[in-house]
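Peer 1: Turn this into a structure:
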Amino acid sequence: METNEQRPINDFPSVMEAVLKAIREKDFEQAAILASLAYNLAPNLSEQARAARDLSAAYRHQGDYDESEKWATEAVEQHKALVEEEENRSTLRELGASVATLGTLQLQLIVTDPSYDNQENSQRATENLSKGLRYIEESRKHATDKDRKIDQYDINFTARTGFAEALAGDTKRSLALGARAVRLAFLSESPKIDTSNPNMAIEERFKAKARALMRGVGAVAVAAVAPFNRELAKSIVKKLN
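Peer 2: Residues are numbered from 1 along each chain as shown. As a prediction, the model looks like this:
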């Protein structure tokens, strides 16, 4: 009798699930390979842009920021075109995630490249992350289910927006976002959220909550120390971003 036989991963949903698993396991080289495969298997332009976004994340984690920017920019442009074509919950939330992903890359550059660390770039990262959250919030106007009040993308990007606000000098807003990120952390990948990953195992859901909580607490810490010790604040962001 055959047991534990693995089927080849050759359909878009399975490949995207494998991409997320590789990212969670910090196998970013494998994540990039899989995301590239997903990009070519995507059934429509929105899903292709989503794969481009994951490619950006995989390259960002590998330190290949030029390649990361290329894919994040493509995702933003494609999702923006889809919103202009038809504004609905899906197109708005995916545009929000793509814009926030570009902001996340810009935030990473600030904390890793001293030549990039200036007020103009800090403001640009803040604007993209904040704009991404606004698109995600706007997408909920098209939702009807009561469980859709919180989006998984909110949880993914609220703390990061707090990081950016702190480095841009807005301590008050950074603290507020950090506190919100801590509250949201306990809902990360919860089945109560209709945008959570339905295929995630219970153990992985707990890990997702722990990661989100660490980012939320980190955002509060960054807000507190950034006005006095920017380098320490950047080191926290670098670890948690």
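Peer 1: Three-state assignment for the closest residue to Arg230 other than its chain neighbours, please.
Peer 2: Excluding the flanking residues, the one nearest Arg230 by CB to CB, 6 or more residues apart in numbering is Leu167, at 7.4 Å. Heads up, the C-betas are built off the backbone N, CA and C, glycines and all. Per DSSP: H, G, I helix; E, B strand; the rest coil, the secondary structure class of Leu167 is helix.
Peer 1: got a pLDDT number for Leu167?
Peer 2: For Leu167, the pLDDT comes out at 98.
Peer 1: swap in Pro198?
Peer 2: The model's pLDDT for Pro198 equals 86.
Peer 1: Mind giving me the packing neighbours of the helix or strand hosting Ala35?
Peer 2: Element membership for Ala35 (DSSP states H and E) is helix 28-41. Contacts defined by 3 or more CB pairs under 8 Å, 6 or more residues apart in numbering; DSSP states H and E place helix 28-41 against helix 12-24, helix 45-62.
Peer 1: Check those helices for me: which has the lowest mean pLDDT.
Peer 2: helix 12-24 (a mean of 94).
Peer 1: about what we covered before: tell me what angle the helix holding Ala35 forms with helix 45-62.
Peer 2: Compare the direction of helix 28-41 with that of helix 45-62 by axes from the mean of the first three to the mean of the last three CA atoms, to 10 degrees and you get 160 degrees.
Peer 1: Relative to the whole chain's centre, how far out is helix 28-41?
Peer 2: In this view, helix 28-41 has its centroid 17 Å away from the chain centroid, taken as CA atoms, centre = their mean, to the nearest Å.
Peer 1: what does stretch 149-168 give?
Peer 2: The answer for stretch 149-168 is 9 Å, by CA atoms, centre = their mean.
Peer 1: Tell me the buried residues in it?
Peer 2: Going by neighbour count (16 or more other CB atoms under 10 Å), the buried part of stretch 149-168 is 150-168.
Peer 1: Tell me which of these fall in helices.
Peer 2: Secondary structure assignment by DSSP state H places 152-168 of these in helices.
Peer 1: show me what contacts Ser122?
Peer 2: Ser122 makes contact with 110, 164, 167-169 under the criterion CB atoms under 8 Å, 6 or more residues apart in numbering.
Peer 1: could I get those residues as a markdown table with distance to Asn40?
Peer 2: Conversion of the contacts of Ser122 to a markdown table gives the following (distance: CB to CB, whole Å):
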| residue | distance to Asn40 |
| --- | --- |
| Ile110 | 32 |
| Ala164 | 33 |
| Leu167 | 37 |
| Ala168 | 38 |
| Gly169 | 43 |
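Peer 1: Considering those residues, which is situated nearest to Glu204?
Peer 2: Ala164 (27.1 Å; CB to CB).
Peer 1: Phi and psi next, for Ala81.
Peer 2: phi -60, psi -40 (degrees, to the nearest 10).
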